[in-house]
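Visitor: Test case, fold it:
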Amino acid sequence: MLTSTVCAAVSAAGLGIAALTAYRKRFLAATRIAAFSLIPIGLVMTGVIDWVTNIVFKPTVWAGFGVLALSAVLFMISRGVERRRGGTGSRKERKERKAAAADRPDAVAPAASVPSLGAARDTAQPAPKGKAAQGKGGAPKDDFSDIEAILKKHGI
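Guide: Got it, this is the predicted structure:
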């Protein structure tokens with residue numbers, strides 16, 4: 001009830017100042033002042049002020065904000081400790097993960113990555129020609145030789 005009275009008084013004072021400004025022939029400024037002065041009474045009429053005062057003046061609401069803040073602080077502490085340790089889990093679990101990562105084969109063979117990275121093309125071994133590169137019956141040993149030739153032609 002008190003907040004509604006204060007907001008009505010602020011709006012009335014703002015409208016009075018807007019009227020004086022309009023009397024001085026400053027209509028644009030008067031319109032802006034009137035617009036700002038109508039905001040408090042509009043908030044009271046929509047019920048926003050009552051909602052805000054219920055939040056501000058109830059101790060349980062502030063206790064709830066305190067609990068939320070404590071939760072956020074605990075999350076930040078746990079993230080900081082996790083980053084400092086270098087991950088989650090016990091030492092045994094970390095050793096198991098490292099061993100499993102070391103046992104995994106590389107995704108790309110080292111010899112295959114050299115041409116694709118644009119390394120010196122001169123260091124690449126040219127494909128052997130003649131009878132050594134062919135299998136039985138004079139057919140190429142590897143079915144991808146034509147694809148390799150196209151890729152080499154384009155410098156890939």
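
Visitor: for the longest helix along the chain, the distance to its chain's centre please.
Guide: Secondary structure of the chain read by DSSP state H shows that its longest helix is helix 59-85. Offset of helix 59-85 from its chain centre (Cα atoms, centre = their mean, to the nearest Å): 20 Å.

Visitor: cool, stretch 10-25 as well?
Guide: 47 Å.

Visitor: Only alpha carbons, please: show it as CSV.
Guide: Extracted in CSV, the C-alpha atoms of stretch 10-25 (Å, rounded to 0.1, in the frame of the first residue of the first chain):
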residue,chain,number,x,y,z
VAL,A,10,6.5,10.1,-8.1
SER,A,11,4.3,9.9,-11.2
ALA,A,12,2.3,13.0,-10.3
ALA,A,13,5.5,15.0,-9.7
GLY,A,14,6.9,13.8,-13.0
LEU,A,15,3.8,14.9,-14.8
GLY,A,16,3.9,18.3,-13.1
ILE,A,17,7.5,18.7,-14.3
ALA,A,18,6.5,17.7,-17.8
ALA,A,19,3.7,20.3,-17.7
LEU,A,20,6.2,23.0,-16.7
THR,A,21,8.6,21.9,-19.5
ALA,A,22,5.8,22.0,-22.0
TYR,A,23,4.9,25.5,-20.8
ARG,A,24,8.4,26.6,-21.7
LYS,A,25,7.8,25.4,-25.3
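
Visitor: Identify all contacting residues around that stretch.
Guide: 29-31, 33-34, 36-41 (Cβ atoms under 8 Å, 6 or more residues apart in numbering). The way it works is simple: take the backbone N, C-alpha and C, and place the C-beta from them, glycine included.

Visitor: Give me the buried positions along that stretch.
Guide: Across stretch 10-25, burial judged by 16 or more other Cβ atoms under 10 Å covers 10-11, 14-15, 17-18, 21-22.

Visitor: what is the mean pLDDT for it?
Guide: Computed over stretch 10-25, the mean pLDDT rounds to 95.
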